[in-house]
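**Student:** My questions concern the predicted model and sequence given below.
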Amino acid sequence: MTGMRRDEIEDVVGRALESAGTAGGPPGTGQYFFAIATAPFSGGVFGHRMTNLAGAIAGQQGARLPGARRFERRRENERSGVEVEQALITRIEALAD
């Protein structure tokens, strides 16, 4: 998308969001993912600013970032391990044979 004007980008994103419709599960809003490599446009500043913003949000009492609990649980599982019932281990080992 190099060389697109802001209004062209807005038009592309707007049309894509319109076409997302109401497909999918609850809440029936459909989904659309639009990824932009920000470094060419910001000289690498965007990532630094987003890191600072996330830190500022996370530092507020009662605030949290989406996914923060999931990432903390993952870190805890990596430190402490995860309990798995022997019956499941046996089933998995049988599939590996």
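**Tutor:** Cool, the structure landed. Numbers count the residues shown, from 1 in each chain.
**Student:** Would you map the helices across this protein?
**Tutor:** Remark: helices assigned in the chain by DSSP state H are 6-20, 39-42, 45-58, 68-80, 86-96.
**Student:** gap between the third one and the chain center?
**Tutor:** Put simply, helix 45-58 sits 15 Å off its chain's centre (Cα atoms, centre = their mean, to the nearest Å).
**Student:** what's next to that helix, contact-wise?
**Tutor:** Defining contact as Cβ atoms under 8 Å, 6 or more residues apart in numbering, one finds that helix 45-58 is touched by T38, A39, A63, R64, L65, A68. Yep, even glycine has a C-beta here, placed from its N, CA and C like the rest.
**Student:** Return the member of these nearest to D11.
**Tutor:** Nearest to D11 among these, counting by Cβ to Cβ, is T38 at 19.5 Å.
**Student:** re earlier: so which of the helices of the chain gets nearest F33?
**Tutor:** helix 6-20 (9.3 Å).
**Student:** any chance of the helices of the chain in a markdown table, with mean pLDDT too?
**Tutor:** As requested, the helices of the chain are exported to a markdown table (pLDDT from 0 to 100):
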| stretch | mean pLDDT |
| --- | --- |
| helix 6-20 | 74 |
| helix 39-42 | 84 |
| helix 45-58 | 91 |
| helix 68-80 | 93 |
| helix 86-96 | 94 |
